[in-house]
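# Sequence first, predicted model second:
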Amino acid sequence: MVAATAAILLWMGRPPICTCGTVKMWVGAVQGPDNSQHLADWYTFSHIIHGFLFYALGWAFLRRNPPGDRLLAAVSIEAGWELLENSQWIIDRYRQATMALGYNGDSVLNSVADIGWMTLGWAVARRLPVWATIVLALAFELLALLMVRDNLTLNVLMLVAPVDAVRVWQAG
């Protein structure tokens with residue numbers, strides 16, 4: 001499924017790696033050209049939280065299915081999001097409604113890594129007590145909020161129902 005997602009992203013015209021020609025483990029600059037192009041960035045925390053949420057959804061709705069089936073469902077949702085996130089419609093929406101004015105979409109490497117980070121989040125949620133997973137998700141949200149003025153909650157809010165005051169605050 002991940003290989004199929006990568007193939008579709010390539011077909012969609014996404015670059016395999018950063019057009020800078022390098023592969024980095026971490027990129028901390030949100031407003032730079034390397035964001036969403038390498039293995040990890042500030043939005044990696046959001047993908048880990050996706051794993052927490054998808055584990056909870058799988059437990060709630062697919063409880064009778066084996067964990068492998070629930071993981072497959074989670075990977076399917078995350079892969080679908082990576083395809084949608086890199087569609088011109090969502091890229092334009094990010095540019096229009098969020099602080100990501102220069103966003104051009106993800107590299108294939110970043111999208112595949114994001115699926116991997118979600119899988120890590122799913123595996124962590126499977127092993128940790130619920131309270132610990134919630135605390136970890138809140139810590140990730142607060143860390144990203146403090147460091148880059150963005151996180152999963154604000155990202156969803158600004159995509160669905162943009163708030164001018166939030167956009168101004170995020171811009172600094």
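Sure, I can see it. Small disclaimer: the values here were computed from a predicted structure and weren't measured.

# And the pLDDT for the one residue sitting closest to the centre of the chain?
Centroid check for the chain by Cα atoms, centre = their mean gives His47 as the closest residue, at 3.8 Å. In this model, His47 is scored at 98, pLDDT.

# now swap in Gln31 and tell me
Looking at Gln31, its pLDDT is 85.

# That one and Gln170, how far apart?
The spacing between Gln31 and Gln170, counted by Cβ to Cβ, to the nearest Å, is 10 Å. Using the backbone N, CA and C atoms, a C-beta is placed for each residue, glycine as well.

# Neighbour count: those two, which is higher?
Counted by other Cβ atoms under 10 Å, Gln31 and Gln170 do not tie: Gln170 has more neighbours, with 18 against 13.

# ok, Trp65 - contacts?
If you look again at residue 65, you'll see it is Asn, not Trp. Neighbouring residues of Asn65 by Cβ atoms under 8 Å, 6 or more residues apart in numbering: Gly58.

# Can you tell me the closest non-neighbouring residue to Ile17?
Leu109 (4.9 Å; Cβ to Cβ, 6 or more residues apart in numbering).

# Walking through this structure, point out its helices one by one.
Per DSSP state H, the chain carries helices over the ranges 2-11, 44-61, 67-85, 88-97, 108-127, 130-148, 152-160, 164-171.

# got these as a markdown table, with distance to Thr19 columns?
A markdown table is the format used below for those (distance: least, Cβ to Cβ, whole Å):
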| stretch | distance to Thr19 |
| --- | --- |
| helix 2-11 | 14 |
| helix 44-61 | 20 |
| helix 67-85 | 18 |
| helix 88-97 | 15 |
| helix 108-127 | 11 |
| helix 130-148 | 22 |
| helix 152-160 | 23 |
| helix 164-171 | 25 |
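
# For this structure, list the residue farthest from the centre, please.
Relative to the centre of the chain, and counting by Cα atoms, centre = their mean, the farthest-placed residue is Arg64 at 27.6 Å.
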